[in-house]
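A.B. asks: coords please:
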Amino acid sequence: MNVLLIYPYCLEERLHEEDVHVVPMGLYYIGALLRANGHAVDVLNLQGLKDAPEQIRTLLVERQPDIIGFSILNANRWGGIEVARLAKALNPAVVTVFGGVTPTFLWRHFLTHFAAIDYVVVGEGEFPFLNLVQALVRTPAPDLAAVEGLAWRDGRRVVCNPAPRPIRNLDVLPQPARYFRFQHVALTRGCRGNCTFCGSPLFWGRRVRFHSTRYFVDQLELLYRQGVTFFYVSDDTFMVSAKRVIAICREIIRRKLPISWAAISRVDLVQPEVLAWMRRAGCTQISYGVESGSAAIRRDLNKPLETAQIARAFDLTVRYGLFSRAYFIYGCPGESDRSIAQTLALIAAIKPLSVIFYVLDVFPGTALYADFRRRFGLTDDIWLKRIEDILYCEYDPALPPERVKAWGRRLREGFQRLLPEIVENIPLLEDPGFAPLHADFLSRLAMTFSHGDYARIAAIVDRDGIAARLYDRALAYHPDSRAFLGRAILHQKAGAFGDAATLLERALRHYPQNEALNVCQGITFINLGRPQEAIAVFLKYPDTPQAAASLAACYKALGNSAEADRFARRHRDLTGGGG
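C.D. replies: Predicted structure coming up:
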């Protein structure tokens with residue numbers, strides 16, 4: 001069978017594109033299992049193609065799939081419906097299958113209202129989807145009733161077969177990194193938590209299942225060999241087994257994998273020893289769901305964390321040189337000016353280095369959704385509207401949407417005001433062995449103010465000054481190449497080219513082959529009126545566009561028009577500007 005696995009486009013653009021633009025890992029696991037069983041499989045990410053139906057049509061015509069599997073979240077379900085309709089118009093015989101979190105809980109809704117959807121895979125999808133494909137090979141009489149976890153139309157009835165047992169040993173799944181290149185990985189399935197706003201408890205279950213250390217690190221190594229050097233570890237609670245996390249970190253170090261990665265966890269799982277091993281093994285950031293500064297709201301969301309637990313986790317995380325990121329939800333039942341003030345007070349106390357604020361959404365498969373339907377007398381037919389999601393405040397008269405928007409502004413602006421003081425007073429572990437890691441951490445943080453997300457927020461005052469002090473502090477720990485480069489660029493920006501040259505001379509004693517530092521020094525020489533020295537630097541990198549452009553400028557300044565024209569042409573060739 002020729003199988004096409006599609007991640008459809010969402011209806012709305014996102015402030016944080018990483019929220020939806022990455023193909024879910026499940027598609028790669030399904031694709032690996034299908035390939036291991038002899039089927040041709042392609043994975044297609046349609047994010048960003050909402051307004052490009054002709055491009056999607058061309059992609060479908062080129063691939064000529066027999067079966068299309070769609071990975072569906074609430075946000076992209078309409079994209080999936082539209083692409084399924086387009087696929088059926090092109091080839092009425094193509095088989096369309098929806099799977100993922102939302103179809104698991106709305107299988108009857110999809111099969112009742114949308115004729116373009118043939119089947120829905122409910123729950124953990126690898127073996128049910130494989131078994132469906134294998135059954136369809138036996139057309140014209142596939143035994144659909146034997147496919148566990150399948151929802152389908154039996155005549156006029158919409159039925160759902162019993163669910164299969166969860167995969168006990170996750171290592172039985174073929175290694176997806178042998179077939180595909182991706183950046184998001186997971187060690188576990190399941191979460192011990194039971195948050196009311198999350199579908200994980202019902203979808204995966206609260207019993208946590210694990211890949212082995214070898215399987216997980218093999219995956220990292222295979223992907224690293226494909227050129228992936230940064231990973232997002234997407235487990236709900238990566239640190240649930242301290243012993244296993246430490247074993248993974250030891251293995252990453254033993255294999256000398258030069259990777260970096262970010263993880264998600266719960267504050268009540270944080271242990272100093274685990275943080276130390278994670279940092280040594282390349283972890284740079286941990287995100288925690290805090291949700292609210294109000295203990296009452298946290299309890300209502302079934303996130304009964306103690307404020308002391310939260311504060312301890314964030315303090316330890318930063319001490320080990322890890323970015324601490326906090327997720328907060330606002331617009332919850334019972335939200336008020338007072339609870340928003342409590343959230344701001346908690347932010348000031350725990351000092352996160354990054355915060356993501358979400359308005360409370362209501363999603364199928366959550367305890368919140370079940371209560372929401374009862375409270376407001378709604379059915380699943382609400383999802384017939386062309387919407388991505390439902391904001392709780394849109395239905396609760398005690399939460400006027402304009403007030404909720406104002407709370408969001410208050411939270412974001414409040415954090416931005418707190419941020420300079422937070423980053424200027426970061427306590428780091430006093431351990432000589434962590435000095436290079438602390439320098440790396442501080443230089444990464446500085447980059448967010450000089451070149452990254454925070455550099456673009458005008459409300460954060462003295463961004464360059466903050467970055468400069470962080471770079472200087474990094475270099476006090478260890479001669480870090482990123483810190484040298486960032487600090488030198490700030491010197492250039494301030495017109496202090498002599499200071500930039502002196503710093504870069506020091507940097508190049510440590511990193512003589514570093515191209516970025518060399519090119520930066522060449523630019524400094526130009527600004528100091530030393531074109532011959534600049535040329536000597538840039539000639540080391542004739543295939544770098546910036547170096548080629550700088551060589552053209554240097555030769556022009558020296559009156560050598562032939563060489564100036566040669567490198568100008570070289571620059572155009574490198575940047576696709578033509579001749």
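A.B. asks: for the lengthiest helix in the chain, packing partners?
C.D. replies: Across the chain, the longest stretch assigned as helix under DSSP state H is helix 401-424. Other helices and strands packing on helix 401-424, by 3 or more CB pairs under 8 Å, 6 or more residues apart in numbering; DSSP states H and E, are strand 323-330, helix 337-350, strand 354-359, helix 463-477. C-beta: built from backbone N, CA, C; applies to glycine.
A.B. asks: so what's residue 498 closest to, chain neighbours aside?
C.D. replies: Distance criterion CB to CB, 6 or more residues apart in numbering; nearest residue to residue 498, sequence neighbours excluded, is residue 528 at 7.1 Å.
A.B. asks: also residue 266?
C.D. replies: Nearest residue to residue 266, sequence neighbours excluded (CB to CB, 6+ apart): residue 237, at 5.2 Å.
A.B. asks: now do the longest helix of the chain: distance to the chain's middle.
C.D. replies: From the chain centre to the centre of helix 401-424 is a distance of 22 Å (CA atoms, centre = their mean, to the nearest Å).
A.B. asks: could I get the CA-only coordinates of the following helix or strand past that helix as CSV?
C.D. replies: Per DSSP states H and E, the first helix or strand lying C-terminal to helix 401-424 is helix 435-450. Extracted as CSV, the C-alpha positions of helix 435-450 are listed here (Å, rounded to 0.1, in the frame of the first residue of the first chain):
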residue,chain,number,x,y,z
ALA,A,435,32.1,27.0,35.0
PRO,A,436,32.0,26.2,31.2
LEU,A,437,28.4,25.3,31.5
HIS,A,438,27.5,28.5,33.4
ALA,A,439,29.4,30.5,30.7
ASP,A,440,27.3,28.7,28.0
PHE,A,441,24.1,29.4,30.0
LEU,A,442,24.8,33.1,30.5
SER,A,443,25.8,33.7,26.9
ARG,A,444,22.7,32.0,25.7
LEU,A,445,20.6,34.2,28.0
ALA,A,446,22.5,37.3,26.8
MET,A,447,21.7,36.4,23.2
THR,A,448,18.0,36.6,23.9
PHE,A,449,18.5,40.3,24.8
SER,A,450,21.0,41.2,22.1
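A.B. asks: now for the nearest residue to residue 340 once chain neighbours are set aside: which residues touch it?
C.D. replies: Closest residue to residue 340 apart from its sequence neighbours, by CB to CB, 6+ apart: residue 407 at 4.9 Å. Counting by CB atoms under 8 Å, 6 or more residues apart in numbering, residue 407 makes contact with 330, 331, 335, 337, 340.
A.B. asks: repeat the analysis, applying 10 Å as the threshold.
C.D. replies: 330, 331, 335, 336, 337, 339, 340, 343, 357, 359, 393, 399 (CB atoms under 10 Å, 6 or more residues apart in numbering).
A.B. asks: need the phi and psi values for the residue nearest to the third one when sequence neighbours are not counted.
C.D. replies: The spatial neighbour of residue 335 that comes closest, neighbours along the chain excluded (CB to CB, 6+ apart), is residue 399 at 6.2 Å. Note on residue 399: its backbone torsions stand at phi -130, psi 70 [degrees, to the nearest 10].
A.B. asks: about what we covered before: can you tell me how far the residue nearest to residue 266 is from residue 246?
C.D. replies: 15 Å (CB to CB, to the nearest Å).
A.B. asks: could you do residue 469 as well?
C.D. replies: For residue 469, the distance to residue 246 - CB to CB - is 34 Å.
A.B. asks: which SSE is the residue nearest to residue 281 when sequence neighbours are not counted in?
C.D. replies: Leaving out its chain neighbours, the residue that sits closest to residue 281 by CB to CB, 6+ apart is residue 249, at 3.6 Å. Here residue 249, judged by DSSP H and E, is contained in helix 242-254.
A.B. asks: tell me where the stretch 51-200 of the chain has strands.
C.D. replies: Under the criterion DSSP state E, counting those that start in this stretch, the stretch 51-200 of the chain contains strands at 67-71, 95-99, 119-121, 150-154, 157-160, 184-185, 188-189.
A.B. asks: what pairs with the fifth one, parallel or antiparallel?
C.D. replies: The partner list of strand 157-160 in its sheet, established with DSSP bridges, is strand 150-154 (antiparallel).
A.B. asks: the strand it pairs with versus strand 95-99: what angle between them?
C.D. replies: Strand 150-154 runs at 130 degrees relative to strand 95-99, counting by axes from the mean of the first three to the mean of the last three CA atoms, to 10 degrees.
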